[in-house]
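Chemist: build me a structure from this.
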Amino acid sequence: MSEEYDFSDIPEDLYLENIWKNLPVKNIVSLCRTNRFMMKICENNDTWRYLIRRDFNKNFNHNNARAKYVELNNEKWRKIIQTEFKTTYLGDNPVLEYKFLVNNEKWRRLLLKDFGIQYTGKNAEQEYKLVKNKKWTDLLKKDFGKIYVGKEAEQQYYLFKTYNDLFNKMEFDANKPVNMYNTKYIRNIAMLLKIPTRSSLSKDQLYELLVNMSNYTLENLDPQLF
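Modeler: Numbering: from 1, shown residues only. From the prediction side, this is the model:
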């Protein structure tokens, strides 16, 4: 009969020197929440002394090693923020601030790339969405003479274009049975709507697809655009 082993059968120093050797601290903390034995290791001052030596190449011989680890880690990320973003951060969560700044920088670059806008504020993602929405709002007015005041202008633009192509240009009626339409007419609508699989679909399949598109458009198009 094979023997069964428990986590507690493994000496703590093996966790520190082998199992945890390459694990990020956030993963170690998550692992410590899994059971009492792991939690005990996380609460052990020697664990954090080891992690200070591992991550910061420093020896720490006092009792508050976990707090010291947090302090050293915050210092590291404050320096990274200073180096990469030329800004001083004095708050308590520099890791979260760094992630915010990276995300903000991504949206700043997209604003410049997509709209030629130099944005220096800290709400670049929100600004991008506002600018993009305005672009599609303007296109709704320019292309279809429609005034839209919501936040989903891009989606509404394409929905109204489908609505316009189906009902205004082609006068499609989803209530009519398929045999009321000839194949050329159905295929012309599919071509107008740029349905990518139209060449491989039969008349009946295209008709069913058009009916579904019609229903979806009518259900999701903002009433103010009718």
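Chemist: low-scoring stretches of this structure, by residue?
Modeler: 1-19 (pLDDT under 70).
Chemist: redo that, cut-off 90
Modeler: 1-24, 26-44, 46-47, 224-226 (pLDDT under 90).
Chemist: mind listing the strands for it?
Modeler: Taking DSSP state E as the criterion, the chain contains no strands.
Chemist: now the helices: where do they sit in it?
Modeler: 12-14, 25-32, 36-42, 45-56, 65-85, 94-115, 124-144, 153-163, 183-192, 203-220 (DSSP state H).
Chemist: buried set for the last one?
Modeler: Buried residues in helix 203-220, counted by 16 or more other C-beta atoms under 10 Å: 203, 206-207, 209-211, 213-214, 217. Glycine gets a C-beta too; all of them are placed from N, C-alpha and C.
Chemist: hmm, back to that, indicate which one of the helices of the chain is closest to residue 177.
Modeler: helix 203-220 (8.8 Å; C-beta to C-beta).
Chemist: name the residues that touch the closest one?
Modeler: If you take C-beta atoms under 8 Å, 6 or more residues apart in numbering as the criterion, helix 203-220 is touched by 155, 159, 162-163, 166-167, 172, 174, 178, 181, 183, 186-187, 189-190, 193, 195, 198, 201.
Chemist: just the buried ones among these, please.
Modeler: For the contacts of helix 203-220, buried by 16+ other C-beta under 10 Å: 159, 162-163, 166, 172, 181, 186-187, 189-190, 193, 195, 198, 201.
Chemist: need those in JSON lines with distance to residue 50, can you?
Modeler: Formatted as JSON lines, those follow (distance: C-beta to C-beta, whole Å):
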{"residue": "159", "distance to residue 50": "59"}
{"residue": "162", "distance to residue 50": "62"}
{"residue": "163", "distance to residue 50": "65"}
{"residue": "166", "distance to residue 50": "67"}
{"residue": "172", "distance to residue 50": "71"}
{"residue": "181", "distance to residue 50": "75"}
{"residue": "186", "distance to residue 50": "71"}
{"residue": "187", "distance to residue 50": "71"}
{"residue": "189", "distance to residue 50": "69"}
{"residue": "190", "distance to residue 50": "66"}
{"residue": "193", "distance to residue 50": "63"}
{"residue": "195", "distance to residue 50": "62"}
{"residue": "198", "distance to residue 50": "64"}
{"residue": "201", "distance to residue 50": "64"}
